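> My questions are about this predicted structure, shown below with the sequence.
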Amino acid sequence: MLKVLPIQTKEEQELAMQKCGITYRPDALAYLATVDDVFVGVCQFKLTPNGGEVYDIALLPDKDDFEAMFVMGRAALNFIDLCGVHYAKYVSDKIDVGLLRAIGFEKNADGIYDIDLTDFFKHPCQHHKDGPHPCDTPKK
């Protein structure tokens, strides 16, 4: 079973980032993902005066789990939104366009992947401006 949980201490956060080859950001919040209680990945993010910033959505080097990365990204955005911040951007040089678009980010005119979270979680699969989204696949 996939679980995404907040990392409780800065020591745990730093160790998790090291395991995933990610720069530890002591001022960031972080989630970790486990599958069947085995650690698979992390997500670091922060609330700023300009909105939420998602820095990393990463797996352990030997893992390949799109669902874990998707759920961690959505969990970070949901937390940002619940805090009353309705804008977020992805701030990293590691870009996975397919993952970012699936999570809900869109590339803006300045080349930044961002998202307006206003009412996003009321209808999360209806916010893409340019074509079908992975959520749009017909249900069987």
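Now that the structure is in, tell me what you want to look at.
> For Asn50, see how far away the nearest residue to Asp116 once chain neighbours are set aside is.
Computed as Cβ to Cβ, 6 or more residues apart in numbering, the closest residue to Asp116 that is not its neighbour in sequence is Tyr87, at 6.0 Å. C-betas here are computed from N, CA, C, even on glycine. Counting by Cβ to Cβ, to the nearest Å, the separation of Tyr87 from Asn50 is 8 Å.
> Repeat that for Thr118.
16 Å.
> what's the neighbour count on the residue nearest to Asp116?
Tyr87 has 14 neighbouring residues, counting by other Cβ atoms under 10 Å.
> How about Pro26?
Here the count is done by other Cβ under 10 Å, and Pro26 has 7 residues near it.
> likewise Met17?
22.
> same deal with Phe45?
So Phe45, with other Cβ under 10 Å, has 26 neighbours.
> what's the answer for Leu100, then?
For Leu100, using other Cβ under 10 Å, the count is 21.
> Regarding it, what is its secondary structure?
helix (DSSP: H, G, I helix; E, B strand; the rest coil).
> The one 10 residues further on too?
At Asp110, secondary structure determined by three-state DSSP is coil.
> the strands in the chain, which residues?
2-6, 29-35, 38-48, 51-59, 87-90, 106-107, 113-116 (DSSP state E).
> Out of these, which one sits most buried?
strand 51-59 (a mean of 23; mean count of other Cβ atoms under 10 Å).
> Any idea how far the lengthiest helix in the chain is from the middle of the chain?
Looking across the chain with DSSP state H, the single longest helix is helix 66-82. For helix 66-82, the separation from the chain centroid amounts to 4 Å (computed by Cα atoms, centre = their mean, to the nearest Å).
> Thank you, goodbye.
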